[in-house]
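1. Return a 3D structure for these sequence lines:
(chains A and B)
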Amino acid sequence: MEIKKTAIAGTLESSDVQIMLTQGTDGIVFDLVSDVAKQFDDAIKQTINQVLSEYGIQNVIVKVVDKGALDMVIKARTVAVVQRALDTVGEPKWEVL
Amino acid sequence: MKNKVERDIPDDILKQSKRQIFKGVDYGQPTIQRVAPKVKATTGQNKILDSIDDVVTQTIKDGMTISFHHHFREGDYVFNKVMRSIIDHGYQNITLAPSSLTNVMNDIVVEAIQKGVVTEITSSGMRGSLGDAVSHGILQKPVVFRSHGNRARAIENGEIKIDVAFLGVPNTDDMGNANGRDGVAAFGSLGYALIDAQYANTLVLITDNIKPYPNTPASIKQTQVDYIVQVDEVGNPDKIGSGATRFTKDPKELKIAKTVNDVIVNSKYFKNGFSFQTGSGGAALAVTRFLRTAMIEQGIKAAFALGGITKPTVDLLNEGLVAKVMDVQDFDKGAAESMKDNQYQQEIDASWYADPANKGAMVDKLDVAILSALEIDTQFNVNVMSGSDGIIRGAIGGHQDAATAKLTIISAPLVRGRIATIVPEVTTVITPGDSIDVIVTEVGIAINPKRQDLIDQLKDVPGLPLYTIEALQEQAAKIVGTPKPLQFTDRVVAVAEYRDGTLIDVIKQVKE
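-> Numbering: from 1, shown residues only, chains lettered A, B, ... in the order given. Take a look at the predicted model:
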């Protein structure tokens, strides 16, 4: 599946993460900036990938600006940005949550 | 070779530095031969020179060791003025041996290294762009980190030989009688600089305030001073120390501070005539407030407060809850100003404060020390030097020295953002777990199993949850996940000494 429009979720506050999705054609492409990239870049990507796959999204550009968010925050922001990008904000996908 | 805290100190580093590995916190009772400085006799003519350029060209030669103090902290103008002149005159192979390096000094030190002016550094610590540059291998020779007490020791026994000390002072007379208490850029205690004044072969005072002779009280004496240079300004008073000390409103810090207080007041050390040292962080200041209430309620008075002093500590002195303040530096304006008027706020030098190679330092009489940490491991070892990315961003300060107190408490949050504070193994060991007694976090405390007496005293205190350090570490890992290990090359960019001069750890260059 592909997303319908560019969407953004999250802020640049400490312990938050800002995620932007834009349409892509070349699989899931990450552009990741994180205060804790040295220790957690793979973990952050894995969490986002997990949510994307639950929504069946295969092609997307994921821009991540992470300010040391915990895993559940990253997951919540990813769910929010995906629902926005799919234009399905009114219909939460309960099985993902 | 592995040392007492299981850190592998490379053999070539031991050989080059001619140092021993760290073997334990007990200094023993060795006999030490101290060194003495050269004295160029004068009756005082020609002490005053016109400019920093004049004094630099008269005193500096290639290959010398020069020193500064960091009492002006982020408001320091002296360091930059002197280093500018040294760089512009093209001197080479200088060893920089300041009491510490603050952020305002970073850019010019990096420039001096790039130009071959500075080739060696010893300091309490470094941070920002300089810490970053050193961690990326800008210096050929490893930086040597020493605690404040250890720096005094190393100067006294000649391991650091200061050729020229450039000491900024907010006042002096024309012979060099100076103190830190008066003037626009007053900062209070001259504690760290007094060692340089006593042992440097050549002592240069830089001031913006020449007072009538004789200037008293004289912390630095005319007998020690070779040259005096007057400049427009030695420091920015707004950046030397924060004005009014902020009382934290952060609920996590308050919870930690309250818990630290509970540990202290329920320990056997909380009795009339006890002594304590706190740091300058938000939680440490809050502890002082909580302690005040407990002291009033239980009618307990302290004999002395030690170390870096803040306004809340001076308030305790003025209220009569603390009999003496033994002051090696002042963290804020309130503490600095009070030194001028209060005879019970005693200026102490770094040796008197914390040097182990001494006929008794003040830390030897210290009951309670409250210290902070970047990381603590399950062996209770503490890192205050390298950040979660492995890059140098801290200072030993008096950490190793004060940690020899009878009750050493580390106050730290369980996690900071996504970074665990309590970890299986710290990146850099600065203070050995053997001198740490209690860890206080917002979720509860852990007591070093070596201190069964403290466990007995504190295990049944209501509202003081006691965990093992391993349980706290696991709780932290559960919140943040498991980080990838940091990547370092084999090249050593800095060594950390223990306070006795042995090597407790090395810091390696970060991988790009």
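
2. is it true that B:D232 lies in a strand?
-> No. When DSSP: H, G, I helix; E, B strand; the rest coil is applied, B:D232 is found to be coil, with no strand at that position.

3. Bridging across strands, which residues link to A:K63?
-> A:M20, A:D31 (DSSP bridges).

4. Quick check: it vs chain B, distance?
-> The gap separating A:K63 from chain B is 19 Å, by CB to the nearest CB, to the nearest Å. In short, each C-beta sits where N, CA and C put it, glycine included.

5. doesn't A:G10 make contact with that residue?
-> No. Between A:K63 and A:G10 there is no contact under CB atoms under 8 Å: 10.9 Å.

6. neighbour count winner among these two?
-> A:G10 (22 against 16; other CB atoms under 10 Å in any protein chain shown).

7. The closest residue in space to B:L366 that isn't next to it in sequence in helix, strand or coil?
-> Spatially, and ignoring its direct neighbours in sequence, B:L366 is nearest to B:A405 (4.1 Å; CB to CB, 6 or more residues apart in numbering or on different chains). Secondary structure state of B:A405, per three-state DSSP, is coil.

8. near chain B, which residues of chain A?
-> A:14-15, A:35-36, A:38-43, A:67-71 (CB under 8 Å from any CB of the partner chain).

9. Contacts only, for A:V62.
-> Contacts for A:V62 (CB atoms under 8 Å, 6 or more residues apart in numbering or on different chains) come out as A:19-21, A:28-32, A:48, A:52.

10. Tell me the buried residues within these.
-> Using 16 or more other CB atoms under 10 Å in any protein chain shown as the burial test, the contacts of A:V62 include A:19-21, A:28, A:32, A:48, A:52 as buried.

11. ok, the residue most central in space within chain A to A:Q18 distance?
-> A centroid search over chain A (CA atoms, centre = their mean) returns A:T78, at 3.5 Å, as the residue closest to the centre. Distance, A:T78 to A:Q18, by CB to CB, to the nearest Å: 11 Å.

12. got any residues that touch both of the two?
-> By CB under 8 Å, 6+ apart, the residues touching both A:T78 and A:Q18 are A:A9.

13. Please spell out the segments of the stretch 151-300 of chain B that come in under the pLDDT threshold.
-> B:242-246 (pLDDT under 70).

14. which residues in it form helices?
-> For the stretch 151-300 of chain B, applying DSSP state H, counting those that start in this stretch gives helices covering B:193-199, B:237-240, B:251-265, B:282-298.

15. For the nearest residue to A:G27 once chain neighbours are set aside, give its distance to chain B.
-> Closest residue to A:G27 apart from its sequence neighbours, by CB to CB, 6+ apart: A:N59 at 6.1 Å. Distance of A:N59 to chain B, given as CB to the nearest CB: 28 Å.

16. Please tell me I have it right and A:N59 contacts A:L21.
-> No. Assessed by CB under 8 Å, A:N59 is found out of contact with A:L21, at 10.6 Å.

17. OK, contacts around the spatially most central residue of chain B?
-> In chain B, the residue lying closest to the centroid (CA atoms, centre = their mean) is B:G397, at 1.7 Å. Listed by CB under 8 Å, 6+ apart, the contact set of B:G397 reads B:100, B:124-125, B:147-148, B:308, B:384.

18. Who wins on neighbours among the residues of chain A next to chain B?
-> Within the residues of chain A next to chain B, neighbour counts (other CB under 10 Å) peak at A:A69, which reaches 28 neighbours.

19. re the thing from before, which residues are in contact with each of A:K63 and A:G10?
-> Common neighbours of A:K63 and A:G10 (CB under 8 Å, 6+ apart) are A:I19.

20. B:D62: neighbour count?
-> By the criterion of other CB under 10 Å, B:D62 has 10 neighbours.

21. for the one 3 residues further on, same thing?
-> When neighbours are counted by other CB under 10 Å, B:T65 registers 18.

22. Report the beta-bridge partner residues of it.
-> Assessed by DSSP bridges, B:T65 has beta-bridge partners B:T95.

23. From what I see, it and B:I160 are in contact.
-> Yes. Contact criterion CB under 8 Å: B:T65 and B:I160 qualify, at 6.8 Å.

24. what does chain B put close to chain A?
-> B:388-390, B:416-419, B:479-481, B:483-484, B:486-487.

25. picking that back up, tell me the contacts of the residue nearest to B:L366?
-> B:277, B:363, B:366-369.

26. Let me know the pLDDT of it.
-> At B:A405, the pLDDT value in this model is 98.
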